[in-house]
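J.: Sequence and predicted structure are below.
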Amino acid sequence: MLVAAAVCPCPPLLVPDVAAGAAPELDAARAACTDALGVLAASRPDLLVVVGPAEQNGRGPHLEGTGGSFRGFGVDLAVRLGNVRLGSGASDPGVSERELPTSLAVAAWLLERTGWSDAPVEGLGVGEPLEAERCIQVGESIGARAGRVALLVMGDASACRTLKAPGYLDERAAGFDAGVARALEAADVPALKALDAELAQELKVSGRAPWQVLAGAAEGAGLGGALLYEDAPYGVGYLVAAWS
């Protein structure tokens with residue numbers, strides 16, 4: 001059963017080495033992510049599953065110990081998902097054959113930064129085309145994986161909040177992001193399930209599928225929510241929330 005969840009944005013700029021001189025601009029977001037991960041640790045899970053958006057080659061499961069890097073962003077920084085445990089899949093040669101998608105690499109960095117050692121960690125990359133019904137089914141299966149399951153859900157809101165945003169300005173973006181923020185603050189499972197996938201894609205939202213996986217996992221768990229951060233630096237909506 002799901003006992004806690006943290007929702008964090010996944011821009012590479014969250015990693016100070018990548019952001020370089022602009023790093024202080026996301027200090028508040030980083031602090032909020034640290035607080036959200038603290039809620040996960042306090043829940044004493046048996047298993048932590050990290051879910052994030054991924055392109056085709058990064059979709060599917062990623063075992064504990066799988067590596068990732070930020071070399072594609074000009075930074076020689078490597079990360080590893082969770083702890084390398086004796087007898088875990090980390091020793092499997094197949095683990096190192098494909099790197100973590102960027103969203104899970106950012107999650108791995110957050111976990112390393114906070115010194116996560118509370119439970120085994122697994123990753124799951126999900127694609128934007130994944131239909132809501134399938135996302136919810138995936139979440140339900142994750143929630144049944146262990147007696148106490150925690151989720152770290154990575155994903156950004158719209159990328160269309162300003163004229164200089166990656167997706168240019170779309171007047172629908174602010175309203176969509178506000179709706180997601182309300183749902184995360186209230187731990188409103190039906191609202192997350194009902195997110196408009198087509199609109200999310202038009203607004204370049206990367207978090208829609210991961211949020212709906214969360215909705216599936218949280219069904220019947222009776223969790224409460226708290227919104228820890230909401231802003232749109234660089235014209236992209238970033239949200240941090242914790243459910244417990």
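T.: Perfect, I can see it now.
J.: how near is the spatially closest residue to Asp188 that is not a sequence neighbour to Leu48?
T.: Spatially, and ignoring its direct neighbours in sequence, Asp188 is nearest to Arg182 (7.0 Å; Cβ to Cβ, 6 or more residues apart in numbering). In this view, the C-beta of every residue, glycine as well, is placed from N, C-alpha and C. Distance of Arg182 to Leu48, given as Cβ to Cβ, to the nearest Å: 26 Å.
J.: Who has more neighbours out of these two?
T.: Between Arg182 and Leu48, counting by other Cβ atoms under 10 Å, Leu48 is the more crowded of the two (29 against 13).
J.: got the phi/psi numbers for that one?
T.: Backbone torsions for Leu48, taken as degrees, to the nearest 10, come to phi -110, psi 130.
J.: Could you pull up the residues touching it?
T.: Leu48 makes contact with Leu40, Gly82, Trp116, Asp118, Ala119, Pro120, Val121, Glu122, Val149, Ala150, Leu151, Leu152 under the criterion Cβ atoms under 8 Å, 6 or more residues apart in numbering.
J.: what do you get if the cut-off is 10 Å, keeping everything else the same?
T.: 4, 6, 37, 40-41, 64, 81-82, 107, 111, 116, 118-123, 146, 148-152 (Cβ atoms under 10 Å, 6 or more residues apart in numbering).
J.: which other helices and strands contact the host helix or strand of Asp27?
T.: Taking DSSP states H and E as the criterion, Asp27 maps to helix 27-42. The helices and strands touching helix 27-42, judged by 3 or more Cβ pairs under 10 Å, 6 or more residues apart in numbering; DSSP states H and E, are strand 2-8, helix 16-19, strand 47-53, helix 102-113, strand 149-154, strand 225-231, strand 238-243.
J.: So what are the sheet partners of the first one and their directions?
T.: Strand 2-8 has its sheet partners listed here by DSSP bridges as strand 149-154 (parallel), strand 238-243 (antiparallel).
J.: From the chain's centroid, how far away is the last one?
T.: Looking back up the chat, that one is strand 238-243. 9 Å (Cα atoms, centre = their mean, to the nearest Å).
J.: Dead centre of the protein: give me the residue that sits there.
T.: Met154 (1.0 Å; Cα atoms, centre = their mean).
J.: Look up how far Lys164 lies from the residue lying closest to it once chain neighbours are set aside.
T.: Nearest non-adjacent residue to Met154, counting by Cβ to Cβ, 6+ apart: Gly52, 3.5 Å away. Separation of Gly52 from Lys164 (Cβ to Cβ): 25 Å.
J.: Have a look at the two and say which one is more surrounded.
T.: Gly52 (29 against 9).
J.: circling back to that earlier point, would you confirm that the residue nearest to Met154 contacts Val153?
T.: Yes - the pair Gly52 / Val153 is scored as a contact, 7.6 Å apart, by Cβ atoms under 10 Å.
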